[in-house]
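**Student:** got a structure for you, letters missing:
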């Protein structure tokens, strides 16, 4: 196993990458490393790359306040005494979570999703939830996942960890190309594979910044039923909408329980809690004929992965929810307003500075979320990103990183969430200068 | 994929367990469920089953205090301003962790392990660390892990999640039977498999309550080198020793970097933080010939599993370490004393009440840790546990749960960590009455 020199033992143990699991040398995982390295190499560049929430809303005192609120909730609503409250926060706890009732109330109030607390598992961020489902659905090498391309890197990465191929489905203006989805499902089956589920982000998708209209949502659910696949719905950005009535999430329209729903508190509470969840109310029939929600099985897998999600971190999230009547919408009014203003600033600046290059340069106009996708007449790859960082002092993300093989070569993702207004203004100026220079060169 | 009734569509989506990954119906995972169910069914029974830390040391105010200490540390030692401190705690952060320097100092002071912060990854409890290593080492179905039997269930469970067989190695009085280890490695190779590593717990192992003497540790390291395997050293109980000089952990004796070391703060700080770590200072050579510590690759895998460990939770752990001069030994003087007293109480009660049944009934006499193993002349299986809970009101763990196939049928694990002295006294009385009744029946 070890690589040794011919004359003597190596000074210490060396492993070749080929002796380790394929995911360790996978482009999907290396892609994140590369983007982080660029950011570290150009610390003074303005980053329109990372889809991070704004830090202006972080408050160190909030941890204690939210924990206090959750403790009061445990006393008032669950009738816990001091010893039981302490045990709930500090001891080992249920793998499925300790705030499931609070999350279920939030889902009812904010999303119109009606589920039992036992139908969900609280996870270490949404990423662990995605991994749990990928792990559960992959039984052997015939199982595959579908995903609308371009795809969130975390989905691709989680699938890699269980050796599960991710087959791209075209996105297009409706957020998912249903004809392509049907033909992909059928092609997979003809090839002897089992398409288990399709991963979608119907609201302000990362990275395409596309959303599905109501008809598409209805058609997608019917198609999932007709073609007998599950839908994996991920919704990190739905709360950062453009105002007025939101469209229902798929899970709220899901009478047949075709949808496994992923939720994240990273953008609506804080990334540092690392708390997300999965709603999996599908029934699993075991070998003795007994029924249990899929969530219960996912919790068993989780018990061998991370045991349980930090109840201290869960308490911080629950406290914030409780103090806003279980509503993330209520808790994120300032945040929504900030991200909306930033998004409008991006769109108006692009309009002012780049419309002269139309139609060579174009961009989409999402009504919410953190992202805008810019299409340019040149290859916007990693080398271009480094050049732009070096010469113009601004960072963005090559869209090719979100495609498994080819795709997105002439597109870049702009994120407007994690920067202050002055930095965003300055960064957009730099970006537009860079694009104009490249177009004119 | 779905199971439908013959006359109409099922009311909602049903999945058969056979359509899901084998781990979901695995005995190792169901074993935890069963033990939890018994505990829930007999809530008034005294539990000598769970290896949980005592709750008397939990203090709700400590979260805020430890976080404050860590913030001061970031300001004083790293020179961070308020904005950067807030970002460190609340924003997305490095997958490898944000308290690695603090953990490295603790390892130097408490364990004599000298590593760079970059050689370790802070994980969501030790369980995630075990999973990351299992994932990395399993490239295809020829890779196998070895583990001293009886084995910690979390190792077996993590291996299941990556479809990696765990081959048992005899333990015996030295904590590991080196002859059996060598012959098992060689047998695996003859069968065309690749034994990658052997999992060991040299100090007060869970569940066998055995420890390795210094000669065994030295021999084990030499054997790992000669047979070219890695050692996975797990050390959750080392701080709860019997006083005097501790034996060095394997990692402190590991000049050849054969040892991947797992650490846990669940018993020394609190389970509720869910913070552990892995030291992986082995060099990995990638396909371009570049070198990086294995820890860096494990962090890449982690980025697709849980993104990063909650920095709030990391801050709580680091704060406790900083406030005790980076020493867990200093931070756990009261705890060590409590667990030692409880352990001595177990051993003296067994002596008083069960020595009349010698040699039919026997037990080991560990000098530290949370556990004692009792050998009885009857089969102590799940049915016996339920009967004992029902009739005698005391819970323990059938040792057979820690064997993959056969083994431990006439043994039970007693845990003394999570109970008060009056409950422990009462629970031991009940247990001894149960054992005497069964022996005399």
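**Tutor:** Thanks, I have the structure now. Please read all numbers here as calculations on a predicted model, not as lab measurements. Numbers count the residues shown, from 1 in each chain, chains lettered A, B, ... in the order given.

**Student:** quick one: distance of stretch A:431-441 to the chain centre.
**Tutor:** Centroid displacement of stretch A:431-441 relative to its chain, using C-alpha atoms, centre = their mean, to the nearest Å, is 31 Å.

**Student:** my bad, should have said stretch A:114-133
**Tutor:** The chain centre lies 13 Å from the centre of stretch A:114-133; the measure is C-alpha atoms, centre = their mean.

**Student:** now stretch A:334-343
**Tutor:** Relative to the centre of its chain, stretch A:334-343 is centred 19 Å away, using C-alpha atoms, centre = their mean.

**Student:** and it, anywhere near chain B?
**Tutor:** No - using C-beta under 8 Å from any C-beta of the partner chain, stretch A:334-343 never reaches chain B; the gap is at least 13.4 Å. The C-beta positions use only the backbone N, C-alpha and C, and glycine is treated the same way.

**Student:** buried ones in the lowest-mean-pLDDT helix or strand in chain A?
**Tutor:** Lowest on mean pLDDT, DSSP states H and E among the helices and strands of chain A sits helix A:27-41, with a mean of 82. For helix A:27-41, the neighbour count (16 or more other C-beta atoms under 10 Å in any protein chain shown) marks A:28-29, A:31-33, A:35, A:38 as buried.

**Student:** now, which of those residues sits nearest chain B?
**Tutor:** Distance to chain B across the buried residues of helix A:27-41 (C-beta to the nearest C-beta) is lowest for residue A:29, with 4.6 Å.

**Student:** find the residue closest to that closest one in space, skipping its chain neighbours.
**Tutor:** residue B:300 (4.6 Å; C-beta to C-beta, 6 or more residues apart in numbering or on different chains).

**Student:** which element is the nearest residue to residue A:210 once chain neighbours are set aside on?
**Tutor:** Setting aside the residues directly before and after it, residue A:210 is nearest to residue A:175 in space (C-beta to C-beta, 6+ apart), at 4.6 Å. In this assignment (DSSP states H and E), residue A:175 forms part of neither any helix nor any strand.

**Student:** how many residues are close by residue A:356?
**Tutor:** Residues within reach of residue A:356, counting by other C-beta atoms under 10 Å in any protein chain shown, total 10.

**Student:** surely it is in a strand?
**Tutor:** No - counting by DSSP: H, G, I helix; E, B strand; the rest coil, residue A:356 falls outside a strand, being helix.

**Student:** measure the residue nearest to residue A:210 to residue B:110 for me?
**Tutor:** 53 Å (C-beta to C-beta, to the nearest Å).

**Student:** ok now do residue A:52, which residues does it touch?
**Tutor:** When contacts are counted by C-beta atoms under 8 Å, 6 or more residues apart in numbering or on different chains, residue A:52 touches A:271, A:415, A:417-418, B:91-92.

**Student:** please check the residues you listed and keep the buried ones.
**Tutor:** Burial by neighbour count, 16+ other C-beta under 10 Å: within these this picks out A:271, A:415, A:417-418, B:91-92.

**Student:** could you dump those to TSV with distance to residue A:264, pLDDT and secondary structure?
**Tutor:** Converted to TSV, the buried ones among the contacts of residue A:52 look like this (distance: C-beta to C-beta, whole Å; pLDDT from 0 to 100; DSSP: H, G, I helix; E, B strand; the rest coil):
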residue	distance to residue A:264	pLDDT	secondary structure
A:271	9	96	helix
A:415	16	96	strand
A:417	13	96	coil
A:418	15	94	coil
B:91	14	94	coil
B:92	12	92	coil
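
**Student:** touching, residue A:47 and residue A:419? I think so.
**Tutor:** Yes - using C-beta atoms under 8 Å, residue A:47 is in contact with residue A:419, at 6.9 Å.

**Student:** so what sits against both of these two?
**Tutor:** Joint contacts of residue A:47 and residue A:419 (C-beta under 8 Å, 6+ apart) are residue A:427.

**Student:** for the closest residue to residue A:108 other than its chain neighbours, pull up the helix or strand it's in.
**Tutor:** Among residues not flanking residue A:108 along the chain, residue A:114 sits closest, at 5.7 Å (C-beta to C-beta, 6+ apart). Assigned by DSSP H and E, residue A:114 falls within no helix or strand.

**Student:** so residue A:114 versus chain B, what's the distance?
**Tutor:** The spacing between residue A:114 and chain B, counted by C-beta to the nearest C-beta, to the nearest Å, is 13 Å.

**Student:** and that residue, how many neighbours?
**Tutor:** 12.

**Student:** where does chain A dip in pLDDT?
**Tutor:** Within chain A, the segments meeting pLDDT under 70 span A:1-11.

**Student:** now with 90, please.
**Tutor:** Applying pLDDT under 90 to chain A flags the ranges A:1-14, A:24-40, A:50-51, A:60, A:172-173, A:243-245, A:286-289, A:404-406, A:441.

**Student:** check the gap between residue A:239 and chain B for me.
**Tutor:** 18 Å.

**Student:** surely that residue forms part of a strand?
**Tutor:** No - assessed with three-state DSSP, residue A:239 is coil; it does not lie in a strand.

**Student:** contacting residues for it?
**Tutor:** Here residue A:239 is in contact with A:110, A:267-268, A:328-329, A:332, A:335-336 (C-beta under 8 Å, 6+ apart).

**Student:** and the helix or strand where residue A:438 lies, what's buried?
**Tutor:** Assigned by DSSP H and E, residue A:438 falls within helix A:421-440. By 16+ other C-beta under 10 Å, the buried positions in helix A:421-440 come out as A:424-425, A:427-428, A:430-435, A:438.
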